[in-house]
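Novice: requesting a structural model of the entry that follows:
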Amino acid sequence: MSAPKPSLQWFDAVQSLQQAGDAYALVTVLGCTGSTPRDHSSKMVITAEETFDTIGGGHLEFLVMQKAREIIATNAGTTKVEQEIHHFPLGASLGQCCGGSATVLIETFAACQFHVGIFGAGHVAKSIVTILAGLNCKVSWIDSREDEFPADIPANVKKIVASEPCDELEDLPNGSDILILTHNHQLDFELCLTALKRNRNPLQQLRSIGLIGSETKALRFHKRLSDRLLDQNPQIQKALDEQIESIRCPVGLSSVPGKLPMEVAVSIVGELIAIDHASNQVTEEISAGASSLNDSNMSS
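Specialist: Below is the predicted model of the structure:
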């Protein structure tokens, strides 16, 4: 994971965490009375594992860190941005001898939910990463050949050199979009097979599977995957066939022509953006429906 260094000040940490798409909390001292560890407007940044800068240390900072991490954990898997104001008396109850009191604003920012797993570090993959570097997404970029990766990796991209790429696919976050763009057709097949097996578990499903190739490759893979996943239960087999059909091959928007790596990359990323937008709309509709139902139940 791309992460800021502990020595960063709060404003550098915010920039780094935003670029990486990681969850964090920005803490600001809004006001203080009496003797307090830091003046008003002091800031610090808190993640699930690290802190950057300080609001004075001591038990006050400890409690603020606890509260911030509690909110971050609660909002995991969502896109929530929340603001909470808390008042802390700095007396014996907090184990601080300075007296006074502090009012603290805790702003929490959820981790990015648009995660792309890219298998292969060839020309098309490099062009895709160039585009994704400018989008609000997190990328896991996987290949067994370390020399294929460029020297500079964007902040929102995690480079993974793996001798067993299929194992890395198993570890991707739920709801990820994966792109299979390797130099090896057999590896492409094994990745497709691993992805489909993972999707059998409703709690471990990928959002989409894209496979680079031709119509001929798509037909060949469909037959091979059907043979490997053959099931005696007709209902299960029907579901498996539907999952195989959901693999997008050739991957990318057919309305975007061109065979140059950047042209293919634009087509593929355009399709990913459309998938993400459609998924977000469904999530918003479900949330709106649940909110309306709760309001109705409260009024009745």
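Novice: now what about the host helix or strand of residue 71, what contacts it?
Specialist: Counting by DSSP states H and E, the element that carries residue 71 is helix 58-74. With contacts defined as Cβ atoms under 8 Å, 6 or more residues apart in numbering, helix 58-74 is touched by 23-25, 27, 37, 44, 46-48, 51, 54-55, 82, 84, 86, 88, 90, 94-96, 102, 104, 106, 108, 110. All C-beta atoms are positioned from the backbone trio N, CA, C, and that covers glycine.
Novice: with stretch 164-177 instead?
Specialist: So stretch 164-177 is contacted by 113-117, 119, 140, 142-144, 160, 162, 178, 182, 187, 190-191, 194-195, 198, 203-208, 210, 272, 275-276 (Cβ under 8 Å, 6+ apart).
Novice: in it, what counts as buried?
Specialist: 165, 166, 168, 169, 172, 176, 177 (16 or more other Cβ atoms under 10 Å).
Novice: on that earlier part again, what subset of the contacts of stretch 164-177 is buried?
Specialist: Buried among these by 16+ other Cβ under 10 Å: 113-117, 119, 140, 142-144, 160, 178, 182, 187, 190-191, 194-195, 198, 206-208, 210, 272, 275-276.
Novice: among those residues, which lie within strands?
Specialist: 115, 116, 117, 119, 140, 142, 143, 160, 178, 208, 210 (DSSP state E).
Novice: output the below-cut-off pLDDT ranges for this protein.
Specialist: Along the chain, the model assigns pLDDT under 70 to residues 1-7, 34-39, 91-100, 282-300.
Novice: okay, buried residues for stretch 246-258 please.
Specialist: Buried residues in stretch 246-258 (16+ other Cβ under 10 Å): 247, 248, 249, 250, 251, 252.
Novice: now the strands: where do they sit in the chain?
Specialist: Ranges of strands in the chain, per DSSP E, are 24-33, 43-46, 51-53, 81-89, 101-109, 115-119, 138-143, 157-161, 177-180, 208-211.
Novice: check which helices and strands the longest one sits against.
Specialist: When you say that, I think you mean strand 24-33. helix 10-20, strand 43-46, helix 58-74, strand 101-109 (3 or more Cβ pairs under 8 Å, 6 or more residues apart in numbering; DSSP states H and E).
Novice: that one versus helix 10-20: what angle between them?
Specialist: Here strand 24-33 runs at an angle of 150 degrees relative to helix 10-20 (axes from the mean of the first three to the mean of the last three Cα atoms, to 10 degrees).
Novice: what is the neighbour count of residue 156?
Specialist: Using other Cβ atoms under 10 Å, residue 156 is surrounded by 23 other residues.
Novice: then residue 269?
Specialist: Neighbours of residue 269 using other Cβ under 10 Å come to 24.
Novice: ok, it touching residue 130?
Specialist: No - contact status for residue 269 versus residue 130: not in contact, 9.6 Å apart, counting by Cβ atoms under 8 Å.
Novice: using CSV, lay out the ones in strands among the buried ones among the contacts of stretch 164-177 together with distance to residue 223.
Specialist: Converted to CSV, those look like this (distance: Cβ to Cβ, whole Å):
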residue, distance to residue 223
115, 30
116, 28
117, 25
119, 22
140, 29
142, 26
143, 27
160, 31
178, 21
208, 22
210, 19
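Novice: which of these lies closest to residue 264?
Specialist: Closest approach to residue 264 among these (Cβ to Cβ): residue 210, at 11.4 Å.
Novice: wait, what's in contact with that closest one?
Specialist: Counted by Cβ under 8 Å, 6+ apart, residue 210 has contacts 177, 178, 179, 180, 247, 248, 249, 251, 252, 268, 271, 272.
Novice: close enough to count as contact, the second one and residue 195?
Specialist: Yep, that's residue 178 we're talking about. Yes - if you go by Cβ under 8 Å, residue 178 and residue 195 touch, sitting 6.3 Å apart.
Novice: and for those two, which residues touch both?
Specialist: 169, 206, 209.
Novice: wait, residue 154 sits on residue 135?
Specialist: No - the criterion here is Cβ under 8 Å, and residue 154 misses it with residue 135 at 10.1 Å.
Novice: list the buried residues in the helix holding residue 71.
Specialist: Here helix 58-74 shows 58, 60, 61, 64, 65, 67, 68, 69, 71, 72 as buried, counting by 16+ other Cβ under 10 Å.
Novice: distance check, the second one against residue 276.
Specialist: Here the criterion is Cβ to Cβ, to the nearest Å. By it, residue 60 lies 40 Å from residue 276.
Novice: likewise for the first one?
Specialist: Computed with Cβ to Cβ, the distance linking residue 58 and residue 276 is 43 Å.
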